[in-house]
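Here is a sequence together with a model predicted from it:
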Amino acid sequence: MEIPEVDCTEAVAMREAGAAWIDVREPDEWADAHIPDTELLPLRDAAEQLPARFTSLDAPIVISCLSGGRSGQLVAHMRALGYSDVHNLRGGIKAWVGEGRPVIVGA
């Protein structure tokens with residue numbers, strides 16, 4: 001299964017249009033730096049909690065992590081469940097920082 005990805009600009013556009021943006025890293029990684037207006041939901045919890053939270057299979061969701069690996073796993077899982085508008089942030093927060101975009105440190 002091909003994992004649908006979006007770049008940073010596309011992810012921001014999705015968020016501005018109302019998409020949820022979930023960061024599946026661990027809390028210590030989140031505290032080091034995270035993308036503004038994203039929600040922390042570690043991968044170990046996300047596979048169970050996201051389907052319960054987003055009951056509509058066409059809910060727009062961006063999933064991110066450090067580099068795209070963990071988030072890609074969750075996107076594949078969600079797609080297998082029938083979600084049609086779930087996308088992986090290509091390159092994760094590393095790509096975000098690499099483009100000079102802002103991050104929140106701490107919290």
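Right, received. Where do you want to start?

In this structure, where is pLDDT below threshold?
1, 107 (pLDDT under 70).

For it, which segments count as helices?
In the chain, the helices defined using DSSP state H lie at 8-16, 27-32, 43-53, 69-80, 92-98.

In CSV, list the ones you listed along with distance to Ile61.
Every residue, glycine included, has its C-beta placed from N, CA and C. CSV is the format used below for these (distance: least, CB to CB, whole Å):
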stretch, distance to Ile61
helix 8-16, 8
helix 27-32, 18
helix 43-53, 7
helix 69-80, 7
helix 92-98, 15
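
what would these look like in CSV with mean neighbour count and distance to Ala59?
Listed next are the helices of the chain as CSV, based on neighbours: other CB atoms under 10 Å; distance: least, CB to CB, whole Å:
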stretch, mean neighbour count, distance to Ala59
helix 8-16, 16, 11
helix 27-32, 14, 22
helix 43-53, 14, 9
helix 69-80, 19, 9
helix 92-98, 19, 21
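
Mind checking these for the one nearest to Ile63?
Distance to Ile63, taken as CB to CB, is lowest for helix 69-80 among those, at 4.1 Å.

Taking helix 43-53 as reference, get the angle to that closest one.
Orientation of helix 69-80 against helix 43-53 (axes from the mean of the first three to the mean of the last three CA atoms, to 10 degrees) gives an angle of 30 degrees.
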